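Novice: using only what follows, build the 3D model:
(one chain, ligands or ions: 1)
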Amino acid sequence: MTRGGRWLVAITGLAALAAAAVYAPIPCLGHIRVPVRIGTPAGGRVEKSDDEWRAALTPEQYRVTRRQGTERAFCGALLTQKADGVYSCVCCGQPLFDAGGRFESGTGWPSFFRPVDDNAVSLYEERDAFGVRTEVTCSRCDAHLGQVFADGPRPTGRRYCTNSAALAFTPRPAP
Ligand SMILES: [Zn+2]
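Specialist: As a prediction, the model looks like this:
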């Protein structure tokens, strides 16, 4: 091989490596999920197989709750819900949040500063290539609800950022 040919091979090889680094996930930075606080649900646990969940939910509900999906910002069905009432888990029906704990975060997802009960939810620390986040799940059936952040309003300072697809809203009857 000529000297020019060797350079060509070397440059082609470097270009291939650069392309691989851009388009392939970085293998050394895996996804780590560690329990932070596991809630004890009132009424016990609900456990179903993946096939049973798939059959019981809409494709969007399944994608969000059982596959840790995220609905697009400003698109959720409950984003503009202002009525008084309770937000329950769409999978198992456990009450999770209350209209009294809701606030307008401007993020495009329904946001709450507290759950109805700390035991209604479980928290997991997630670490991946994008950083560290705290995932919120339903303590009764492990449905993925969203994430919790430390930039919420008083009195808790927390922002539970949820997906509409994970919640079912029940208006509170007028007294
Ligand atoms: Zn649930």
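Novice: could you pull out the helices for the chain?
Specialist: 3-23, 50-56, 59-66 (DSSP state H).
Novice: up against the ion, what does the protein have?
Specialist: Cys89, Cys91, Cys92, Gln94, Cys138, Arg140, Cys141, Ala143 (Cβ under 5 Å from the ion). Yep, even glycine has a C-beta here, placed from its N, CA and C like the rest.
Novice: show me what the nearest residue to the fifth one once chain neighbours are set aside is bridged to.
Specialist: What sits nearest to Cys138 in space, not counting adjacent residues and going by Cβ to Cβ, 6 or more residues apart in numbering, is Cys89, at 4.2 Å. Beta-bridge partners for Cys89, by DSSP bridges, are Leu167.
Novice: how about the residue nearest the centre of the chain: what's its closest non-neighbour residue?
Specialist: When Cα atoms, centre = their mean is applied to the chain, the residue found nearest the centroid is Gly146 (2.9 Å). Distances taken as Cβ to Cβ, 6+ apart place Thr162 nearest to Gly146, at 4.1 Å, with adjacent residues excluded.
Novice: picking up where we left off before, enumerate every residue touching the residue nearest to Cys138.
Specialist: By Cβ atoms under 8 Å, 6 or more residues apart in numbering, Cys89 lies in contact with Leu96, Cys138, Arg140, Cys141, Ala143, Leu145, Ala166, Leu167, Ala168.
Novice: and if we set it to 6 Å?
Specialist: Shown in contact with Cys89 (Cβ atoms under 6 Å, 6 or more residues apart in numbering): Leu96, Cys138, Ala143.
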